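**Q** prediction below, plus the sequence it came from.
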Amino acid sequence: MAEIQESGNKKKGGKNKQKKMTVRVDFTPMVDMNMLLITFFMLCTSLSKPQTMEISMPSNDKNVTEEQQSKVKASQAITLLLGGDDKLYYYDGEPNYKDYSSLKETTYKADGLRAMLLQRNRAAVNEVNELKQQKLNLKISEEEFTKKLGEIKSGKDTPTVIIKATDDASYKNLIDALDEMQICNIGKYVITDIAEADEFLIKNYDSKGELSQNLAE
């Protein structure tokens, strides 16, 4: 509230001087208002939750790792090799070190890695889209959606992606590859260290098979 205080002095002869008016504003009610606003926004605003990504990491136990790898069918395994200068290679199943053309080169663009993964995971992608539509139509609950989504992504006929990065690859390359796993509904993927044989594949591909020819000779 504002208060106005008047003050004035009388001159000799009975005349008053001009009155001086001073205004004092009381900000005490503003404190209560601010507290009410803060309380209101705290109750009505939902705190942002951190978004996390589930990543399947290989075990340190070599026996367990070999057992897990043996369960992966070669026809369903796709190995991504992240190279330097934003280069991206991949091969299906077991690598063929004698044939450099068995290693394919692609890009991180939508018509590159994403198109390839969507084609390999087409059945699961269609099922996920139908499942999302059921959720939008309120035919299934959030818990049922999450459960069925996990079952679809980890189905028997879905591909398994193995991601290997060279020392020349950037963190951006790895993040881009992981983003495509989510976009393409890949439920089975793993990040593991690159082997010397995989680095040989890249060098042999860049040399158009000269390294494998030299080894054969």
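**A** All right, it came through fine.

**Q** and residue 75, what pLDDT?
**A** Note for residue 75: predicted pLDDT of 69.

**Q** what about the one helix or strand residue 161 maps to, average pLDDT?
**A** Per DSSP states H and E, residue 161 falls inside strand 160-165. Strand 160-165 shows a mean pLDDT of 95.

**Q** show me what it is packed against.
**A** strand 77-82, helix 171-183, strand 188-193 (3 or more Cβ pairs under 8 Å, 6 or more residues apart in numbering; DSSP states H and E). Backbone N, C-alpha and C define where each C-beta goes, glycine included.

**Q** quick one, helices of the protein?
**A** Residue ranges of the helices in the chain, as given by DSSP state H, are 28-44, 62-70, 115-120, 122-136, 142-153, 171-183, 196-206, 210-216.

**Q** where among those helices is the average confidence lowest?
**A** Among the helices of the chain, helix 62-70 carries the lowest mean pLDDT (a mean of 50).

**Q** check which residues of stretch 77-91 are buried.
**A** Across stretch 77-91, burial judged by 16 or more other Cβ atoms under 10 Å covers 77, 78, 79, 80, 81, 82, 83, 87, 88, 89, 90, 91.

**Q** brain fart, stretch 199-215
**A** 201, 202, 204, 205, 206, 211, 212.

**Q** list the contacts of that stretch.
**A** 81, 83, 89, 91, 95, 97-101, 103, 105, 166 (Cβ atoms under 8 Å, 6 or more residues apart in numbering).

**Q** same check on stretch 143-160?
**A** Residues contacting stretch 143-160 (Cβ under 8 Å, 6+ apart): 72, 76-78, 117, 120-121, 123-124, 127-128, 131-132, 134-135, 140, 185-190.

**Q** output that stretch as PDB, nothing but the C-alphas.
**A** Presented in PDB, the C-alpha positions along stretch 143-160 are these (Å, rounded to 0.1, in the frame of the first residue of the first chain):
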ATOM      1  CA  GLU A 143       2.400 -50.200 -19.600                       C
ATOM      2  CA  GLU A 144       1.000 -52.500 -22.400                       C
ATOM      3  CA  PHE A 145       2.600 -50.300 -25.000                       C
ATOM      4  CA  THR A 146       6.000 -50.400 -23.300                       C
ATOM      5  CA  LYS A 147       5.900 -54.200 -22.800                       C
ATOM      6  CA  LYS A 148       4.800 -55.000 -26.400                       C
ATOM      7  CA  LEU A 149       7.300 -52.500 -27.800                       C
ATOM      8  CA  GLY A 150      10.100 -54.300 -26.100                       C
ATOM      9  CA  GLU A 151       8.900 -57.700 -27.400                       C
ATOM     10  CA  ILE A 152       8.700 -56.400 -31.000                       C
ATOM     11  CA  LYS A 153      12.200 -54.900 -30.900                       C
ATOM     12  CA  SER A 154      13.800 -58.000 -29.400                       C
ATOM     13  CA  GLY A 155      12.000 -60.400 -31.700                       C
ATOM     14  CA  LYS A 156      13.700 -63.400 -33.300                       C
ATOM     15  CA  ASP A 157      13.600 -62.000 -36.800                       C
ATOM     16  CA  THR A 158      14.900 -58.600 -35.900                       C
ATOM     17  CA  PRO A 159      18.500 -57.700 -36.800                       C
ATOM     18  CA  THR A 160      21.400 -57.300 -34.400                       C
END
